[in-house]
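[1] What shape does this take:
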Amino acid sequence: MFQASLEGDYDDEAAWDAVRALRPRNTDEVFQAALDHTRSADTRERARGLDVLAQLGAGRPESERRHFDERVRIAIKHLHDSDPLVVHAAAWALSHLGGETAVSELIGMRNNPDPGVRWAIANGLNGSERADAIATIVGLMDDPDDNVRDWATFALGTQCPVDSLDIREALRKRLGDSYEEARVEAVWGLAQHKDPQGIRLLIERLSADGWTAGDEMAAADTLDVSCDTPAEKLVAGLRRLLEAK
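    Numbers count the residues shown, from 1 in each chain. Predicted coordinates:
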């Protein structure tokens, strides 16, 4: 399976199928094989080792996933690899592994020239309440890359448990984003922060013909009701919430 992960181009679906098949195999044998790959002189092998270590034991409770601390240390070491592909894989490994040490290391990589690394940072800081993490996410919301802005807006809007005027202002700024996905995330995020402008925009989206499942989920989360609540009831609930503001 490791050999299959190295065949073709790095982004080939078949190669990633092999990675995804290895990740749930929460064994010392797979861990050691991945570790050996991270020590290889070959760039692709080092990256693939990190890709597997990133989610070793996927699907299991955190307490059952092996060698967590060591996997974090390995990923941190490879943040300083000489090859950008390996750095990219290391950043995503830390993003998936999570934890305060990973968050701190990712924050330190926020100015990396690779948009894939910055995307990993936006994903990895998702849900953090740390002031430095939130400040990093806000900075990434102005990133030149569409995906980075989108994921940073998602991280701040619907995943961040902290609310403040600065956070809402950063989300409002994304309402004019050139990338539609980022604009929509800003609407959802503002609504879930109980911001009147966001609630009004979400009502407009749900009242139009082209609303999406994401609009329904954002409204349900905003109102703290079941996700299968009919759209018309969601709109009514949002209107009541707006009137109470």
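
[2] residues in contact with Cys227?
    Cys227 is in contact with 216-217, 220, counting by Cβ atoms under 8 Å, 6 or more residues apart in numbering. For glycine as for every other residue, the C-beta is placed from the backbone atoms N, C-alpha and C.

[3] of the residues you listed, buried ones?
    Taking 16 or more other Cβ atoms under 10 Å as the criterion, what is buried in the contacts of Cys227 is 216, 220.

[4] Let's see which of the contacts of Cys227 end up in helices.
    Among the contacts of Cys227, DSSP state H puts 216-217, 220 in helices.

[5] export the residues you listed to TSV and tack on pLDDT and distance to Met109?
    Listed next are those as TSV, based on pLDDT from 0 to 100; distance: Cβ to Cβ, whole Å:
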residue	pLDDT	distance to Met109
Glu216	95	35
Met217	96	31
Ala220	97	35
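
[6] from these, which is closest to Asp28?
    Among the ones in helices among the contacts of Cys227, Met217 lies closest to Asp28 (Cβ to Cβ), at 39.5 Å.

[7] three-state assignment of the closest residue to the closest one other than its chain neighbours?
    In this structure, Met217 finds its nearest non-sequential neighbour in Cys227, 5.8 Å apart by Cβ to Cβ, 6 or more residues apart in numbering. Classification of Cys227 by DSSP: H, G, I helix; E, B strand; the rest coil places it in coil.

[8] Could you check the pLDDT of Cys227?
    Per-residue pLDDT puts Cys227 at 90.

[9] Ala182 now?
    98.

[10] how close does it get to Asp132?
    22 Å (Cβ to Cβ, to the nearest Å).

[11] Cheers, nothing more for now.
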